[in-house]
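S.K.: What follows is a predicted protein model with its sequence.
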Amino acid sequence: MSYFTVFMLFGAKGKPIDLNIEKLDLDFRSFHDSIWAGKISLASDETKIQYALVHMEQMLCNMRTKRFEDALKKVNVK
């Protein structure tokens, strides 16, 4: 959530953003692999927003797992 927040703030710069993650071409792993390979640069605002959305999508996927549900039960969150 922290990466989503920071990169959305820097990328959006106060402008409204479409949070439709279906438009993304790359998943979390592919996006990071492309950064390490030098195919993607986080210099542009558009890419920062894409990076934020990739993190949001990964966070949502992680929150839908049985492991996350079990963790919430352990801390007694309903």
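M.R.: It's in.

S.K.: Stretch 31-41 spans what distance, first to last residue?
M.R.: Counting by Cα to Cα, to the nearest Å, you get 10 Å between the two ends of stretch 31-41.

S.K.: How far does that stretch sit from its chain's centre?
M.R.: 15 Å (Cα atoms, centre = their mean, to the nearest Å).

S.K.: One more: stretch 47-63?
M.R.: Averaging C-alpha positions (Cα atoms, centre = their mean) puts stretch 47-63 1 Å from its chain's average.

S.K.: Same question for stretch 60-67.
M.R.: In this view, stretch 60-67 has its centroid 14 Å away from the chain centroid, taken as Cα atoms, centre = their mean.

S.K.: contact partners of that stretch?
M.R.: Stretch 60-67 is contacted by residues residue 68 when judged by Cβ atoms under 8 Å, 6 or more residues apart in numbering. For glycine as for every other residue, the C-beta is placed from the backbone atoms N, C-alpha and C.

S.K.: again, but for stretch 37-53
M.R.: So stretch 37-53 is contacted by 3-8, 10-13, 17, 19, 21, 24, 26, 31, 34-35 (Cβ under 8 Å, 6+ apart).

S.K.: hmm, try it at 6 Å
M.R.: By Cβ atoms under 6 Å, 6 or more residues apart in numbering, the surrounding residues in contact with stretch 37-53 are 4, 7, 8, 10, 11, 21, 24, 34.

S.K.: show me the contacts for the fifth one.
M.R.: Residue 11 makes contact with 45, 48, 49 under the criterion Cβ under 6 Å, 6+ apart.

S.K.: of the contacts of stretch 37-53, buried ones?
M.R.: Buried members of those, counted by 16 or more other Cβ atoms under 10 Å: 4, 7, 8, 11.

S.K.: Which pLDDT value does the model give the first one?
M.R.: Note for residue 4: predicted pLDDT of 91.

S.K.: what's it in contact with, if anything?
M.R.: With contact set as Cβ under 6 Å, 6+ apart, residue 4 has these partners: 52, 55, 56.

S.K.: and if you look at the second one?
M.R.: For residue 7, the contacting residues are 48, 51, 52, by Cβ under 6 Å, 6+ apart.
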